[in-house]
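S.K.: would you be able to build a 3D model of this:
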Amino acid sequence: MMYFARWKALAVVGVCLLGMLLSVPNLLPRSVLPDWARQISLGLDLRGGSYLLLEVDTSAMVRERLEALVDTARRGTAAANPRILYTGLNANQEQRRITLRASDPARAADIARLLREAAIAVPAGAGVTQPDIEVTTSPDGTVTATLTEVALRAKSAGAVEQSIEIVRRRIDETGVAEALIARQGQNRILVQLPGVEDPARIKDLLGRTARMTFHLVDETANLQAPTPPAGTMFLPGERGQERYAVRRRVEVDGANLTDARAGQDGRTGEWVVNFAFDSVGTRRFAEITRQNVGRPFAIVLDDKVITAPVIREPITGGRGQISGSFDVRGANDLSVLLRAGALPAPLTVVEERTVGPELGADAIRAGLLSLAAGTAFVFLYMGLAYGFFGWLANIALVANVIIMVGILSVIGATLTLPGIAGIVLTLGTALDANVLINERIREETKLGRPPLSALEAGFSKASGTILDSNLTNLIAMACLYAFGSGPVKGFAVTVAIGTIVQMYTATVVVRLLVSIWYRRRRPAVLPV
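M.R.: Numbers count the residues shown, from 1 in each chain. Take a look at the predicted model:
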């Protein structure tokens, strides 16, 4: 038990040196470090920055889906041969359904078939899919299409996941480093932006759905009418002064954009956004512009018309330009939004906090002070309580902290105040194993065992208790990580890593130090 082969001793020393090598970059500025070196990232409460809690408005998805079904019913019945007549077509968002009544009840089944063909398959679990709408008919010819609960849950979950990815892309485009973006609860997204003290621009970028669509303008509609004609909608201009009658049908979707860049018009010098379509968008854009030369074509962003230029000639190259009295920042922001993609549903800020860098620096000083004080008291206690063996345990404690910092650096962990609390807690619990070992060695010595036998018994008989106590600790930390939020997870990670490392340092590093000391001194009495 107390014998170490040379390769084992070198392996233990190598682990300690590797931990030191990985932790050293945290003491140096990032500019002088090589590319492979990793540092622990400071969290919002230590570095300062902004905290945003966003909520996905799933009701907007329901409204859009119902509007799409209404448009499908209107266009499908108009295109039927012979045409199917109906009355009372409307959408009820609260009940998540659309209804209409066939003028001839015998044709209700044809309307139901049109709606069923427009259904979208959604996952229902266990690899099974089902339509997102349930279509029913009544004897009087009323047809109802209702969004199912399964579809609503699937759409909500998909919208949150897609929103997280788009939020991450938008933030990355702004150049904010080390942002934390995570799901929280059912339909909320947590965004932490270290180093960002004024989140106004970020909020503006994240709060815009940025869904860009291209529509034909209805030139026959009366803009003074209180309600638009069927198949048309009244939309405001970007500056809010104009009003446009725009066809509801989306001729080209912004989802087909492949690139968007801010630039200046070579003729006027004004800032514009140049965009390019993929192959599908290019083909559709060319077809629409070829068929509608001389007609105004509206570019709509989040239900506002940016511009509505007249199509002078077919545009077949798949490239276009958006002009709308932009300044530099406005053009750049719009290009960022279009490159990142449109959100599936609007996001609203439900909570916002800003932490100044001074407060973060105070927190770091307080954390380092508590760490230093805790280390000093633990060192003194172990040295006074167990003498020489206590000081060997203190050396292992230093190795424990160094290896733990190295591991946190490698995994790219973000250190927060709860994480510092976890490190301080680990300092206190890291020596529990050494206390058990030293107490066991004392008992064996009092029973009259020789030094080597007492050391063997101390390390071997205490190992089972050490393993059990640390496993229960790891189970508790796993539960905290699984069910806790961000700060709680940070605490759980540091304590879990510290627990695993301290099992190694207490039973292996200390045993190696004791083995080297014993072979050199061969004491007749153990100093414990």
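
S.K.: counting by contacts, list what the strand or helix carrying T289 packs against.
M.R.: Applying DSSP states H and E as the criterion places T289 in helix 279-291. Counting contacts by 3 or more C-beta pairs under 8 Å, 6 or more residues apart in numbering; DSSP states H and E, helix 279-291 is packed against strand 212-216, strand 252-253. (C-beta placed from N, C-alpha, C; glycine too.)

S.K.: could you list the buried residues of the helix or strand K8 falls within?
M.R.: Using DSSP H and E, K8 sits within helix 6-23. Buried residues in helix 6-23, counted by 16 or more other C-beta atoms under 10 Å: 12, 15-16, 19, 22-23.

S.K.: stretch 210-229 too?
M.R.: 210-218, 221, 228.

S.K.: and it, how far out from the chain middle?
M.R.: 37 Å (C-alpha atoms, centre = their mean, to the nearest Å).

S.K.: pull it out as PDB, backbone CA atoms only.
M.R.: The C-alpha atoms that make up stretch 210-229 are tabulated as PDB, following Å, rounded to 0.1, in the frame of the first residue of the first chain:
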ATOM      1  CA  ALA A 210     -36.600  40.600 -38.500                       C
ATOM      2  CA  ARG A 211     -38.900  38.600 -40.800                       C
ATOM      3  CA  MET A 212     -38.500  40.100 -44.200                       C
ATOM      4  CA  THR A 213     -41.000  39.300 -46.900                       C
ATOM      5  CA  PHE A 214     -41.700  40.600 -50.400                       C
ATOM      6  CA  HIS A 215     -45.200  41.400 -51.400                       C
ATOM      7  CA  LEU A 216     -47.000  43.000 -54.400                       C
ATOM      8  CA  VAL A 217     -48.800  46.200 -53.700                       C
ATOM      9  CA  ASP A 218     -52.600  46.300 -54.200                       C
ATOM     10  CA  GLU A 219     -52.900  49.400 -56.300                       C
ATOM     11  CA  THR A 220     -56.700  49.100 -56.500                       C
ATOM     12  CA  ALA A 221     -57.300  49.300 -52.800                       C
ATOM     13  CA  ASN A 222     -58.700  52.400 -51.200                       C
ATOM     14  CA  LEU A 223     -56.200  53.500 -48.500                       C
ATOM     15  CA  GLN A 224     -58.900  55.600 -46.800                       C
ATOM     16  CA  ALA A 225     -61.200  52.600 -46.200                       C
ATOM     17  CA  PRO A 226     -61.500  51.400 -42.600                       C
ATOM     18  CA  THR A 227     -60.800  47.800 -43.500                       C
ATOM     19  CA  PRO A 228     -58.700  46.400 -46.400                       C
ATOM     20  CA  PRO A 229     -60.300  44.200 -49.000                       C
END
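
S.K.: hmm, who's touching that stretch?
M.R.: Applying C-beta atoms under 8 Å, 6 or more residues apart in numbering, the contact partners of stretch 210-229 are 231-232, 234, 243-254, 257, 285, 288, 292, 295-302, 308, 337-338, 340-343.

S.K.: go on, stretch 373-381?
M.R.: By C-beta under 8 Å, 6+ apart, stretch 373-381 touches 390, 394, 397, 401, 424, 427-428, 431.

S.K.: looking at these, which are in helices?
M.R.: Counting by DSSP state H, the contacts of stretch 373-381 place 390, 394, 397, 401, 424, 427-428 in helices.

S.K.: by neighbour count, which of these wins?
M.R.: When neighbours are taken as other C-beta atoms under 10 Å, the top entry among the ones in helices among the contacts of stretch 373-381 is L397 (24 neighbours).

S.K.: now it: how far from G498?
M.R.: To G498, L397 is 11 Å away according to C-beta to C-beta, to the nearest Å.

S.K.: cool, and L427?
M.R.: Distance of L427 to G498, given as C-beta to C-beta: 8 Å.

S.K.: what mean pLDDT does the helix holding K8 get?
M.R.: Averaging pLDDT along helix 6-23 yields 88.

S.K.: distance between that helix and the chain's centre?
M.R.: Taking C-alpha atoms, centre = their mean, one finds helix 6-23 lying 36 Å from the centre of the chain it belongs to.

S.K.: make residue 1 into 599 and carry on from there
M.R.: Understood, numbering begins at 599; the last thing we discussed is helix 604-621.

S.K.: ok, residues contacting it?
M.R.: With C-beta under 8 Å, 6+ apart, helix 604-621 has contacts from 602, 636, 997, 1000-1005, 1007-1008, 1102, 1106-1107, 1110, 1114.

S.K.: now swap in stretch 868-881 and tell me
M.R.: Residues outside stretch 868-881 that contact it (C-beta under 8 Å, 6+ apart): 850-851, 854-863, 882-883, 914-921, 923-926, 928-929, 932-933, 936.

S.K.: in helices only, show me the residues you listed.
M.R.: If you go by DSSP H, the contacts of stretch 868-881 have 882-883, 926, 928-929, 932-933, 936 in helices.

S.K.: state the pair within the contacts of stretch 971-979 that is farthest apart.
M.R.: Longest distance between any two of the contacts of stretch 971-979 is 19.7 Å, between G988 and V1022; criterion C-beta to C-beta.

S.K.: following the helix holding T887, which helix or strand shows up next?
M.R.: As assigned by DSSP H and E, the chain's next helix or strand after helix 877-889 is strand 895-899.

S.K.: can you list the buried residues in stretch 842-853?
M.R.: 842-846, 849-852.

S.K.: check which helix or strand the residue nearest to Y984 when sequence neighbours are not counted maps to.
M.R.: Nearest non-adjacent residue to Y984, counting by C-beta to C-beta, 6 or more residues apart in numbering: N1036, 4.7 Å away. In the assignment (DSSP H and E), N1036 maps to helix 1030-1044.

S.K.: only alpha carbons, please: show that helix as CSV.
M.R.: Provided in CSV are the C-alpha atoms of helix 1030-1044 (Å, rounded to 0.1, in the frame of the first residue of the first chain):
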residue,chain,number,x,y,z
ASP,A,1030,-12.1,15.6,5.4
ALA,A,1031,-10.4,12.6,3.8
ASN,A,1032,-7.1,13.5,5.4
VAL,A,1033,-8.8,13.9,8.8
LEU,A,1034,-10.2,10.4,8.5
ILE,A,1035,-6.9,9.0,7.5
ASN,A,1036,-4.9,10.7,10.2
GLU,A,1037,-7.4,9.8,12.9
ARG,A,1038,-7.3,6.2,11.7
ILE,A,1039,-3.4,6.3,11.9
ARG,A,1040,-3.7,7.6,15.4
GLU,A,1041,-6.0,4.8,16.5
GLU,A,1042,-3.7,2.2,14.9
THR,A,1043,-0.7,3.7,16.6
LYS,A,1044,-2.4,3.7,20.0
